[in-house]
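J.: My questions concern the predicted model and sequence given below.
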Amino acid sequence: MGGCMSTVGDPEQIKRNKEVEKELKETKVKIDHQVKVLLLGSGDSGKSTILKQMRLIHKVPFTGQEVEFYRQLVFNNITQGLRTVLEAMEDFELNVAEENQAFVEMVFEAPDLRDQEPFPMKYLQCLLSLWRDDGVKKAIARSNEAALPEKSAHTIKDIIRSRARTTGITETIFKLRTHDMHMLDVGGQKSERRKWIHCFQDVTSILFLVSLSGYDQCLVEDKDANQMQDAMTIWDSICHSQWFKHTSIILFLNKDDLFSEKVLHSHIKDTFPDYDGPPQDAAAGREYFKKRFMRLSAKANRVNEREIYTHFTNATDTALLKVVMAAVEE
């Protein structure tokens, strides 16, 4: 009856056992030398920009195919951004100057570029004239009312500033001194958040991004919702989540440069009535929003034991981010 069963001294069984033990040890060594960082935040917070900056900092080059994709995306960002502004001008009851009217149709008919196709030169004067148009400038000054694209002074830096909505989950691996960092970027729009749960297992740290400059802006997907309030709601749920009760969280209060400019003409108190700091004071505004987020996490930390670190950042500033990320990686 026992003739069909392996004995203790079965050479084949011993060999298989050793192979399994070896694989388990190799897997453990690999796991011990890697950290998993989850990039979270609401839409338009700068998560994908952080990921692109990390690639520059850790010398993970962009492939030729990626550079071509971003080259086409830059042209699309410019024309699509201008289309969005022109559409918003109707709601704002603003008009383009008569001498620029002919350029409006060109913008709405702007083609998508094909691979290796140069930027169409006929659009140069068209885009320059419209960006300088007084009506367009007035509309951009009211960008918070219609989720208009942020202004930016446009090299590899164009890749950093280019914008494409993140859908699904992307994973990038960075080789650090003592371990590998697996950084996962997931879509921030409301429709994408249900996918986050699939990333929660074995997370070492969460890098949570908030757009400071979004304090007076609506969501792209919901014009009645405030970006900052939405970020606070997500932050509160993350801090209280049982998935992350032992996970360290790094809070990036991002787009600090845009925030510093914006508070000069858009008062925080208009959208956050409990703000009692001086108007046009970026430093006071930073501390106010930092305290708001820290109060939410403090409630959760009465139950969950973990560290929370805060940094004010500008994701498009490679030098600044290099210093901040060096501290984060420690």
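T.: That came through fine.

J.: When you work out contacts or count neighbours from here on, use the C-alpha atoms and nothing else.
T.: Noted.

J.: Look at F259 and give its secondary structure.
T.: helix (DSSP: H, G, I helix; E, B strand; the rest coil).

J.: what's the answer for L251, then?
T.: strand.

J.: Show the contacting residues for it.
T.: L207, F208, L209, V210, I308, Y309, T310, H311 (CA atoms under 8 Å, 6 or more residues apart in numbering).

J.: Pull out the buried members of those residues.
T.: Buried by 16 or more other CA atoms under 10 Å: L207, F208, L209, V210, I308, T310, H311, out of these.

J.: Of all pairs in the residues you listed, which one is the farthest apart?
T.: V210 and I308 (14.5 Å; CA to CA).

J.: How about the contacts made by the closest residue to I50 other than its chain neighbours?
T.: The shortest distance from I50 to any non-neighbouring residue, by CA to CA, 6 or more residues apart in numbering, is to A315 (5.6 Å). A315 sits next to G46, T49, I50, Q53, N254, K255, L321 when contact means CA under 8 Å, 6+ apart.

J.: Assign A315 to helix, strand or coil.
T.: coil.

J.: Got the phi and psi for it?
T.: The phi and psi torsions at A315 (degrees, to the nearest 10) take the values phi -60, psi -20.

J.: pLDDT score assigned to it?
T.: Among the per-residue scores, A315 holds a pLDDT of 82.

J.: what's the distance between it and N254?
T.: From A315 over to N254 the distance is 7 Å, taken as CA to CA, to the nearest Å.

J.: just the helices in the stretch 201-330 of the chain please.
T.: Remark: helices assigned in the stretch 201-330 of the chain by DSSP state H, counting those that start in this stretch are 227-240, 256-262, 282-301, 318-329.

J.: can you check the stretch 51-200 of the chain too?
T.: With DSSP H, counting those that start in this stretch as the criterion, the stretch 51-200 of the chain has helices spanning 64-92, 101-108, 122-132, 134-141, 156-161.

J.: helices or strands up against the longest one?
T.: Judged by 3 or more CA pairs under 8 Å, 6 or more residues apart in numbering; DSSP states H and E, helix 64-92 is in contact with helix 101-108, helix 134-141, helix 156-161.

J.: quick one: which of the contacts of L251 is nearest E145?
T.: Using CA to CA, the shortest approach to E145 within the contacts of L251 belongs to V210, at 18.6 Å.

J.: Quick one: residues contacting the closest one.
T.: G41, S42, S45, G46, M228, A231, L251, F252, L253, N254.

J.: check contacts around the last one.
T.: Going back to what we said before, that points to N254. S45, G46, L209, V210, S211, L212, S213, F312, T313, N314, A315.

J.: pLDDT-wise, what's the bottom of the residues you listed?
T.: Among the contacts of N254, A315 has the lowest pLDDT, at 82.

J.: do you know how far that residue is from I234?
T.: Applying CA to CA to A315 and I234 gives a distance of 20 Å.

J.: and what of D216?
T.: With distances taken as CA to CA, D216 is found 17 Å from I234.

J.: and these two? which has more neighbours close in?
T.: Using other CA atoms under 10 Å as the criterion, D216 and I234 rank with D216 on top: 22 against 17.

J.: Tell me which residues touch the more buried one, please.
T.: When contacts are counted by CA under 8 Å, 6+ apart, D216 touches N144, N226, Q227, M228, S266, I268, T271.

J.: The second one against L212, yeah?
T.: I take that to be N226. No - N226 lies out of contact with L212 (CA atoms under 8 Å); the separation is 11.9 Å.

J.: Comparing those two, which residue is more hemmed in?
T.: Neighbour count, other CA under 10 Å: between N226 and L212, L212 has more, with 28 against 18.

J.: Specify the residue ranges that define each domain of the protein.
T.: The chain breaks down into these domains under automatic domain parsing: 36-61+166-329, 65-160.

J.: tally of neighbours for L73?
T.: Counted with other CA under 10 Å, the neighbours of L73 add up to 20.

J.: scratch that, M121
T.: Counted with other CA under 10 Å, the neighbours of M121 add up to 8.

J.: Over to it: give its phi and psi.
T.: The phi/psi pair for M121 (degrees, to the nearest 10) is phi -60, psi -20.

J.: how about low-confidence regions in the chain?
T.: 1-9, 17-33, 146-168, 187-201, 301-305, 327-330 (pLDDT under 70).
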